[in-house]
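S.K.: Take a look and give me a structure for this.
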Amino acid sequence: MSAPSSTSRPPDAKVWPRLIADPAHGPLPALLLLLTVLTGVIDAVSILGLVRVFVANMTGNVVFIAFAIAGVAGFSLASSVAALAGFLGGAFAGGLIIDRYGQHRGRLLRNACGIEFVIVAIAFVITLTSHDDASRSAKVAVSALCAVAMGIQNTTARKLAVPDLTTTVLTMTLTGIAADVRRSGFTVVARRVFAVLAMFVGGIAGAELFLHSRLAWALALALFLLAVVTIAAALSSRRPAAWNTV
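M.R.: Predicted coordinates for the structure are as follows:
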């Protein structure tokens with residue numbers, strides 16, 4: 001039997017490049033990780049600055065609505081309902097975007113994030129021109145706008161279907177880390193762990209900006225992340241590539 005070649009590599013030797021340039025998904029894993037950071041930032045904005053409301057995680061938001069109806073102090077029924085309605089509206093809009101651009105993954109991400117950028121920009125302007133103790137109506141409006149953006153993002157990520165990168169929820173990702181750790185390859189586990197860390201980092205960044213500056217600057221960070229993803233998706237869509245085709 002011949003000795004193994006000294007140049008042979010273990011199966012997971014290319015794991016790190018695959019996280020940012022997957023053969024099947026191109027740059028989508030890296031861009032969706034950035035959107036996961038964005039979700040952490042947006043959740044920090046909504047929970048810390050908008051009277052305890054989730055705009056990305058509707059499971060938590062439905063529970064918050066129940067708390068508000070039950071009369072628990074500190075929960076806003078108007079903001080939570082506005083966020084739920086906004087998320088559903090964003091998901092509907094995301095479906096329309098998919099109907100038009102869903103056959104090209106790069107253009108789909110570019111256009112969805114471009115629309116998301118405009119929506120978050122409006123929320124940023126409202127927050128920037130208001131005091132941090134803004135009126136309830138301003139907070140409800142910002143909650144609804146951010147939820148619309150998250151609805152679009154969630155629907156787009158669902159269509160792109162990069163495994164373990166939903167960008168807005170981590171429950172199944174954490175389940176997969178624990179349940180499949182013995183059967184999954186290192187690439188799969190690493191991607192899941194990176195998704196958790198991405199949202200964690202976004203949450204810390206958003207909380208720090210809320211605590212030490214103004215709520216508007218957390219939304220400014222969200223806008224920066226959206227701009228990066230939109231530009232990167234636009235540039236990667238200019239050249240034909242197998243990963244772009246559904």
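S.K.: following the helix or strand hosting residue 142, which helix or strand comes up?
M.R.: Element membership of residue 142, judged by DSSP states H and E, is helix 136-160. The C-terminal neighbour of helix 136-160 among helices and strands, as given by DSSP H and E, is helix 171-179.
S.K.: Which helix or strand lies directly C-terminal to the helix of greatest length in the chain?
M.R.: The single longest helix within the chain, with elements called by DSSP state H, is helix 186-212. Downstream of helix 186-212, the first helix or strand assigned by DSSP H and E is helix 215-236.
S.K.: quick one, that following helix and helix 136-160 angle?
M.R.: For helix 215-236 against helix 136-160, the angle by axes from the mean of the first three to the mean of the last three CA atoms, to 10 degrees is 20 degrees.
S.K.: Now helix 215-236: buried residues?
M.R.: 215-223, 225-226, 229-230, 232-234, 236 (16 or more other CB atoms under 10 Å). For glycine as for every other residue, the C-beta is placed from the backbone atoms N, C-alpha and C.
S.K.: Can you tell me what sits against that helix?
M.R.: With contact meaning CB atoms under 8 Å, 6 or more residues apart in numbering, helix 215-236 is reached by 26-27, 31, 34-35, 37-38, 41-42, 44-45, 48-49, 106-107, 109-110, 113-114, 116-117, 120-121, 123-124, 127-128, 132, 205-206, 209-210, 244.
S.K.: What mean pLDDT does that helix get?
M.R.: On average, the pLDDT along helix 215-236 is 95.
S.K.: what angle do that helix and helix 186-212 make?
M.R.: Using the same axes, to 10 degrees: helix 215-236 against helix 186-212 is 150 degrees.
S.K.: Restricting to C-alpha, output helix 215-236 in CSV.
M.R.: Output of helix 215-236 as CSV, limited to C-alpha atoms (Å, rounded to 0.1, in the frame of the first residue of the first chain):
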residue,chain,number,x,y,z
LEU,A,215,-30.4,55.2,20.3
ALA,A,216,-30.1,56.8,16.8
TRP,A,217,-26.5,55.8,16.5
ALA,A,218,-27.4,52.1,17.0
LEU,A,219,-29.7,52.5,14.0
ALA,A,220,-26.8,54.2,12.2
LEU,A,221,-24.7,51.1,12.7
ALA,A,222,-27.6,49.0,11.3
LEU,A,223,-27.6,51.3,8.2
PHE,A,224,-23.9,50.8,7.8
LEU,A,225,-24.2,47.0,7.9
LEU,A,226,-27.1,47.1,5.4
ALA,A,227,-25.1,49.3,3.1
VAL,A,228,-22.1,46.9,3.2
VAL,A,229,-24.4,43.9,2.4
THR,A,230,-26.2,45.8,-0.4
ILE,A,231,-23.0,46.9,-2.1
ALA,A,232,-21.3,43.5,-1.7
ALA,A,233,-24.4,41.8,-3.1
ALA,A,234,-24.5,44.3,-6.0
LEU,A,235,-20.9,43.8,-6.9
SER,A,236,-21.1,40.0,-6.7
